[in-house]
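Asks: okay, predicted coordinates and the sequence, questions at the end:
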Amino acid sequence: MNDIASLPVAVIGAGPVGLAAAAQLISRGLKVKVYEAGSQAGSNLLDWGHVRVFTPWRYCVDAVARQLLEGHGWAMPELEAFPTADEIVDRYMIPLAQLPELAPSIETNARVVAVSRWGADKVVSKGRGQKPFMVVVETPTGRRRDAARAVIDSSGTWQTLNPLGAGGVPAEGEVENNDRIAYGIPDVLGRDRHLYAGRTTMVVGAGHSAANALLELARLSEIAAGTSAIWVTRSTDLVRIYGGGDADALPARGELGSEVRELAESGRVRLVTGFSTIAIRVVDGRLVVDGETKDGPQTIGPVDRIVAAAGQRPDLTLTRELRLDLDPWLESVKALGPLIDPNEHSCGDVPPHGHRELSHPEPGFYTVGIKSYGRAPTFLLLTGYEQVRSVAAAIAGDLAAADAVQLVLPETGVCTVPASIIGTSAKGCCGGPAPVAVDACCVADVQAKESGKAGCGCSAAA
């Protein structure tokens, strides 16, 4: 086996964060190999390419990637314009991936199916850190094994969307009827219009994906008679999706929440909260959905189609032979778990974090990007870009730069604190005044103050 230091750093995934990782590593003179399962960089974004993101261009482009691009005559799009996912791919990611500095290092149609150590499974400890990583790659020509000095997993979570079943497994009848279920964000006004026009659609979820689907269905109903939507959520508290309105530091995100709230409160869509999906049945050619509520069993329908926007989860199968330290329920990197747990708070601000928080007991392996958040929502590209800057510096041996982490995120304008913490629900404080009951809004801050430790920083930023 070659000397480990002469081997490339493996980057799994050529999404925005994976390409940023490659740019950071190359700028430090390190060899890199990027594996992309899709046919081009940004393949996952193309699945929802019609969606206009709520972050302007200035938040969508990595700083080092921008420097490389501008060195070849690329011009940054209007900083305050809001791109679609397609535009991010076409105007930023493809030009970046085609740069002579990056292009030779990127392999498409190359799916990483496993990562281990050469000559050592998960149990072996002796000499583990001195063994190269073994990256098992599936390509159209077969399967091979590559060696790497370090691995950055930026494979994301888009390919492992959550099922409708409230228990985390598919509901009864879900698999059998998946031809009438769209997972993610269908293009209701574009290529998928024929599936939704003049029909009733049930949208399940309480995040931005659900909001986008509902708003497009509402627009379609204005031009296609008979189009209607039913919005179903497991939670009874929709403060996270409704957001902070004018208090949101990302106005487009605030507008998205305000628009979907008006949609529900005006009655343009029927809203059913606190519904846990148990089964999906076909009755007279249409779908009916059985579920549980606090008041007992309930059936919704009939509907023609279902949009499942119930979030995502990381694929942990490829790292089964590695020693990872993950949050037990979010499946995020463990250090981030308490700071992003949606059971406890919805801060738009996450404390600065870098290579130390993103590493594992497996030396040289890092989880970055949205996969570092596991099942938690609210990830922004800015977070991923700072993550990989720190990780690249650490791999290069520049610990001073790696530890000098700076991350300032646009706040949502809303935080929630469980009643068990302060005796009442406190909302709307990130980016606004703290509730009278406490001088901090994040549960992590409240609990930390009780233990004398530092909190998550949400109240300090308010």
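Replies: Structure received.
Asks: checking the closest residue to Ser27 other than its chain neighbours next. Helix, strand or coil?
Replies: Using C-beta to C-beta, 6 or more residues apart in numbering and skipping residues adjacent in sequence, the residue nearest Ser27 is Val64, 5.1 Å away. Yep, even glycine has a C-beta here, placed from its N, CA and C like the rest. Following DSSP: H, G, I helix; E, B strand; the rest coil, Val64 is assigned to helix.
Asks: what of the one 10 residues further on?
Replies: Applying three-state DSSP to Trp74 yields a three-state assignment of coil.
Asks: heads up, I number from 454, so please use that
Replies: Sure, I'll start counting at 454 from here, so that last one is Trp527.
Asks: next, count neighbours for the residue lying closest to it once chain neighbours are set aside.
Replies: The shortest distance from Trp527 to any non-neighbouring residue, by C-beta to C-beta, 6+ apart, is to Pro548 (5.6 Å). Neighbourhood size, Pro548 [other C-beta atoms under 10 Å]: 17.
Asks: nearest residue to Ala603 other than its sequence neighbours?
Replies: Nearest one to Ala603, counting by C-beta to C-beta, 6+ apart, is Gly817 at 4.1 Å.
Asks: check contacts around the one you found.
Replies: Residues near Gly817 by C-beta atoms under 8 Å, 6 or more residues apart in numbering: Gly582, Phe586, Arg602, Ala603, Val604, Ile848.
Asks: and these, which are buried?
Replies: Phe586, Arg602, Ala603, Val604, Ile848 (16 or more other C-beta atoms under 10 Å).
Asks: quick one, phi/psi of the first one?
Replies: This means Phe586. phi -70, psi 150 (degrees, to the nearest 10).
Asks: excluding its backbone neighbours, what's nearest it?
Replies: Spatial nearest neighbour of Phe586, excluding adjacent residues (C-beta to C-beta, 6+ apart): Ala601 at 4.4 Å.
Asks: likewise for the second one?
Replies: Closest residue to Arg602 apart from its sequence neighbours, by C-beta to C-beta, 6+ apart: Leu460 at 4.2 Å.
Asks: still on that earlier bit, and the residue nearest to Phe586, what is it in contact with?
Replies: Neighbouring residues of Ala601 by C-beta under 8 Å, 6+ apart: Leu460, Pro461, Val462, Ala463, Lys486, Pro585, Phe586, Val588.
Asks: what's the weakest-modelled helix or strand in this protein?
Replies: When the helices and strands of the chain are scored by mean pLDDT, DSSP states H and E, helix 911-914 comes last with a mean of 29.
Asks: just the helices in the stretch 554-703 of the chain please.
Replies: 646-649, 661-676, 692-695 (DSSP state H, counting those that start in this stretch).
Asks: let's have the contacts of Gly817 in CSV, adding pLDDT and distance to Asp748.
Replies: As requested, these are arranged in CSV below (pLDDT from 0 to 100; distance: C-beta to C-beta, whole Å):
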residue, pLDDT, distance to Asp748
Gly582, 89, 56
Phe586, 97, 52
Arg602, 97, 57
Ala603, 97, 53
Val604, 98, 49
Ile848, 97, 54
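Asks: what's the closest of the residues you listed to Leu498?
Replies: Checking these against Leu498 with C-beta to C-beta, the nearest one is Val604 at 22.5 Å.
Asks: just list whatever residues bridge to that closest one.
Replies: Beta-bridge partners recorded for Val604 (DSSP bridges): Ala463, Phe818.
Asks: where do the strands sit along the stretch 754-903 of the chain?
Replies: For the stretch 754-903 of the chain, applying DSSP state E, counting those that start in this stretch gives strands covering 758-761, 818-820.
Asks: which residues does the shortest one contact?
Replies: Translated: strand 818-820. For strand 818-820, the external contacting residues (C-beta under 8 Å, 6+ apart) are 568, 586, 603-606, 772, 775, 777, 786, 808, 811-813, 844.
Asks: who wins on neighbours among these?
Replies: Ile605 (31 neighbours).
Asks: all good on my end, thank you.
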